[in-house]
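# Sequence unavailable; structure follows:
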């Protein structure tokens, strides 16, 4: 998993994150089982076979938490990574394509695991990366599951294996961090200690190296030119300086670059997740033809397809995609009784809809299926018309409105730094950097104070950023408002600016509850005097929102119930008994710990509801 | 790899974000440069987004003060290591394996911590 590149709070924040068996689950058995069940429901995938025309020709077994499927050389079996959430492991399985019968190949200890399988040319073995006793290593084992695993190469840092060369002589892998990316080939037949060959190193990200069947070229993806594209470089283990890469893709390429067995064709996943084919000419200098479209995956899942969940058979006739549940969402407005009042525009790949102060617009994260980019849009609720706020390749997330509704703020990650930017809500003008965080650090932006002078985000700590000054974004410093040994997040300013509501697990590590504490703008280094007042009674997952008059507070329970609580803020904060407004058919996509989706009068609620109808046209 | 825990497991796994990594560890620490330090645990800061422990490490004849970052408190809670366990080790000899800071300072990212009572704290897979 690529969480090693940047915190997933930064890169994948507020999108469905890649599943990690190593994320820690609650220890309470009931709560743990409940979470696992919800993860299975939302993140399980169906191994689905496609032909070159994109017709579905079969499925393999039931849905499960599959990742990284790779065909065996004869395409009769499939290597796949499957997490065991309860044991907190990832392990390698070999699945018979015809019968769906699976064999578990690796047996990892808790909080360890295997990933990124690659088949030996004859299909008798599978190589993989495994974390064992604190070290990453390249291992191989018989694909029958017999025998013990053999350590081929031990590495201190994470790496991702992508291929085993057709002559059996090399494993190719990549390793990347904020200092740059590297493509490597590990000679398997050399005498003595195996030493990897660094084929290429760059300050950009380099991924997915695969050798051509004749070992003359290595294909890979790189974002050196600003977006990911597919490249080829001459592979010469003895070279002291790398050759110049040749670009193969013409409209972006995210990965899944596989060579056909005869070396005359290769395949990749384009930026818009189309499956592309490229003819490869023979001769001393390989020539790569113009990419042609083979097929586009189904529109309702396309946004969730990536190089890690699709691959190609060696003859180029079969494609396997671990198909997720439909990813389309319909922006839907509910009243206080849970009745659907209206839907907004066409379905799209929306996330995190937050209502403008006047309740006429929503700001959302929108995944563009054509480019794969996640941008911030505002949507007019009456007409459904969308306006792009951002339109670039940088990942953006966590949009919120300014108190007057004239601007939106959001988090964008550029060159390894997450920053909070603001821009006019009509999309005009240039973005202004309000604050930049420490390198690689992620943050979830949750509110903009009613007086306009503070932003707040969380990192497990609730942090405030004073912006009511004339400083430049790079000059501003964050202030920890609530930094404890328990988790705290989703700070929400009361309309009178005197309190922050937030979610924390102060009392029960397995359960978040809503609390309120005084906020003193003249002393933002800590909550004001007095104990935290607990608002929720039986857990919450977020959606903390104040009514504009400060007399009601809303939140969502672990069972996807929308709750309301009468509150008073003068002379001190007091909360009444939470009462159920309505329930939603959860689990819902997105992160409730960033939702601010209630109208100022508390009469309307907006959610991005899963749907299967056609995607919105841009 | 960065991982999240317990109460926010829904937000972490099912719904969206998965970590509070305060910063990307590979940006600041070189995972390929491991150092084993033995010395006196002088103090600790057991708070989000990550804990810190401070060790006066004996390097040859000299004592060097090292600051060591670890995962979030909940990471340890899930492994039956409490704040008290580490607090009780203050003033005693501990051994820590760390990934050294890229800037060459006496700072590291915790990989394992051996406490005086025999408990071994591993920060894997988060800090591997």
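Good, I have the coordinates. Please read these numbers as outputs of a predicted model, since none were measured by experiment.
# which regions of chain B sit below the pLDDT cut-off?
Low-confidence segments of chain B, defined by pLDDT under 70, span residues B:1-24.
# okay, now residue A:154: neighbour count?
By the criterion of other Cβ atoms under 10 Å in any protein chain shown, residue A:154 has 12 neighbours. For every residue, glycine as well, the C-beta is placed using N, CA and C.
# wouldn't it be in contact with residue A:135 here?
Yes: at 5.5 Å, residue A:154 counts as touching residue A:135 under the criterion of Cβ atoms under 8 Å.
# Now do the helices in chain A.
Listed from the start of the chain, chain A has helices (DSSP state H) covering A:8-11, A:29-43.
# Check those helices for me: which has the lowest mean pLDDT.
For those, the bottom mean pLDDT is recorded on helix A:8-11, which sits at a mean of 26.
# Kindly confirm my reading that residue B:76 forms part of a helix.
Yes: remark: residue B:76 belongs to a helix, assigned using DSSP: H, G, I helix; E, B strand; the rest coil.
# In contact with the closest residue in space to residue A:49 that isn't next to it in sequence, which residues?
In this structure, residue A:49 finds its nearest non-sequential neighbour in residue A:58, 4.5 Å apart by Cβ to Cβ, 6 or more residues apart in numbering or on different chains. For residue A:58, the set of contacting residues under the criterion of Cβ atoms under 8 Å, 6 or more residues apart in numbering or on different chains consists of A:48, A:49, A:97.
# Out of the helices of chain A, indicate the one that is most buried.
Each of the helices of chain A was given a mean neighbour count from mean count of other Cβ atoms under 10 Å in any protein chain shown, and the largest, a mean of 29, is that of helix A:8-11.
# Which secondary structure element of chain A has the lowest mean pLDDT?
Comparing helices and strands within chain A by mean pLDDT, DSSP states H and E singles out helix A:8-11 as the least confident, with a mean of 26.
# Flag every buried residue along stretch A:351-363.
Using 16 or more other Cβ atoms under 10 Å in any protein chain shown as the test for burial, stretch A:351-363 gives A:351, A:352, A:353, A:354, A:355, A:356, A:357, A:359, A:361, A:362, A:363.
# Looking at those, which two lie furthest apart in space?
Farthest-apart pair in those is A:351 and A:357; separation 20.6 Å (Cβ to Cβ).
# Quick check: can you list the domain ranges of chain A?
In the domain annotation for chain A, the residue ranges read A:27-158+A:318-326, A:171-296, A:329-394+A:481-610 (automatic domain parsing).
# start to end distance for the shortest one?
Length of domain A:171-296, first residue to last, Cα to Cα, to the nearest Å: 30 Å.
# Give me the mean pLDDT for that domain.
In this model, domain A:171-296 carries a mean pLDDT of 92.
# Next: the longest one.
When the per-residue pLDDT values of domain A:329-394+A:481-610 are averaged, the result is 95.
# roughly how far is that domain from the heart of the chain?
21 Å (Cα atoms, centre = their mean, to the nearest Å).
# distance of residue A:296 from chain B?
Residue A:296 sits at a distance of 27 Å from chain B (criterion: Cβ to the nearest Cβ, to the nearest Å).
# Residue A:275 is in contact with that residue, correct?
Yes: counting by Cβ under 8 Å, residue A:296 touches residue A:275, with 7.5 Å between them.
# what do these two both touch?
Between them, residue A:296 and residue A:275 share these contacting residues under Cβ under 8 Å, 6+ apart: residue A:54.
# Which one's more surrounded, those two?
Between residue A:296 and residue A:275, counted using other Cβ under 10 Å, the more crowded position is residue A:275 (22 against 15).
# for chain B, what's the longest strand?
Counting by DSSP state E, the longest strand found in chain B is strand B:29-45.
# Alright, I will stop here.
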